[in-house]
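**Student:** let's see this in three dimensions:
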Amino acid sequence: MNYRHAFHAGNHADVFKHILLTRLLGLFSRKEQPFAYLDSHAGLGLYDLQGDQASRTGEYLEGIARVWALGDQVPAAAADYLRIVRKLNPDGELRYYPGSPELARRLARQQDRVLLNEKHPEDGQLLKENYQRDPRVTVHLGEGWHLPRALLPVAEKRAIMLIDPPFEQLDELNRCAQAMKEAIGRMRQTIVAVWYPIKDDVRQMRRFHQELTSTGAPKLLQVELLVHPRDKAQSLNGSGMAIANPPWGLEEELKELLPWLAKTLGQSEGSWKMEWVIAER
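**Tutor:** Take a look at the predicted model:
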């Protein structure tokens, strides 16, 4: 319960995660049918990069600040993400950064729903206050791991679920795989996106990869972005996203996005990887 995302808002992992999330939402919106967006560990929704927590670490300087400095020189697939960041900073000075709830709310249409969950009592209450005027948004204050069994299946018949825990506990990679398995078991067609950090524990990542193959997902794409070598000790070397049921067109977009992200956000060494853990049957 000690994790506060404001310290890390807008860092390289956020940029990677949030650009991929905007593409999932954008590609899903090509069809008129409504969908529900579910967020298991939602956080605040909006962050002040000049506030005490974000400015204390300055992690955003190696993340969103690099993208911001490029102006319009970004791939087309990053346009929705950057457009939202710009709307939050209309004076041209980078200060406010959108979390996943804000990105989802701004990309959701009138017929869609945004279902958010946050366990941290203070952040959960602020999240409720931030979105109380939007009838499409519902905020739950509970255990994020219960979200698949609590809210799936949804009436809309189409759903995107983001699983993005704080990774304070040693078993959270295992719990991510289990949550994906539960979500797929309750609503097979759900797009489930699990974000995870990449440090230097190769054996732990190997176990996680094996657990993903047992989730029952019809197809599963694993995408990773590294800003340091994978084996650099005591560092957040990068992050990944395991995506069950990725929408058509995502893989092609990522072939352009990932090299650009690696070049833009790489620190000691930028690289990327994309592979099918479960290929379409």
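**Student:** now the element after the helix-or-strand element of the chain with minimal mean pLDDT, going C-ward?
**Tutor:** Here the helix or strand of the chain ranked lowest by mean pLDDT, DSSP states H and E is helix 52-57, holding a mean of 72. Using DSSP states H and E, the helix or strand that follows helix 52-57 in sequence is helix 64-68.
**Student:** remind me what the helix or strand following that following helix packs against, helices and strands.
**Tutor:** Scanning forward in sequence from helix 64-68 by DSSP H and E, the next helix or strand is helix 79-88. On a contact count with 3 or more Cβ pairs under 8 Å, 6 or more residues apart in numbering; DSSP states H and E, helix 79-88 meets helix 12-28, helix 64-68, strand 96-98, helix 100-107. Where C-beta positions appear, they are placed from N, C-alpha and C, glycine not excepted.
**Student:** adding mean pLDDT, mean neighbour count and distance to Gln210, write these out as a markdown table.
**Tutor:** Listed next are these as a markdown table, based on pLDDT from 0 to 100; neighbours: other Cβ atoms under 10 Å; distance: least, Cβ to Cβ, whole Å:
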| stretch | mean pLDDT | mean neighbour count | distance to Gln210 |
| --- | --- | --- | --- |
| helix 12-28 | 97 | 23 | 23 |
| helix 64-68 | 97 | 20 | 34 |
| strand 96-98 | 96 | 23 | 34 |
| helix 100-107 | 97 | 23 | 27 |
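**Student:** make JSON lines out of those and add distance to Leu115.
**Tutor:** Conversion of these to JSON lines gives the following (distance: least, Cβ to Cβ, whole Å):
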{"stretch": "helix 12-28", "distance to Leu115": "14"}
{"stretch": "helix 64-68", "distance to Leu115": "26"}
{"stretch": "strand 96-98", "distance to Leu115": "17"}
{"stretch": "helix 100-107", "distance to Leu115": "9"}
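**Student:** tell me which of these lies nearest to Pro229.
**Tutor:** Comparison of the helices and strands packed on helix 79-88 against Pro229 by Cβ to Cβ identifies helix 12-28 as nearest, at 14.4 Å.
**Student:** distance from the chain centre to the closest one, please.
**Tutor:** Mean-position distance between helix 12-28 and its chain equals 6 Å (Cα atoms, centre = their mean, to the nearest Å).
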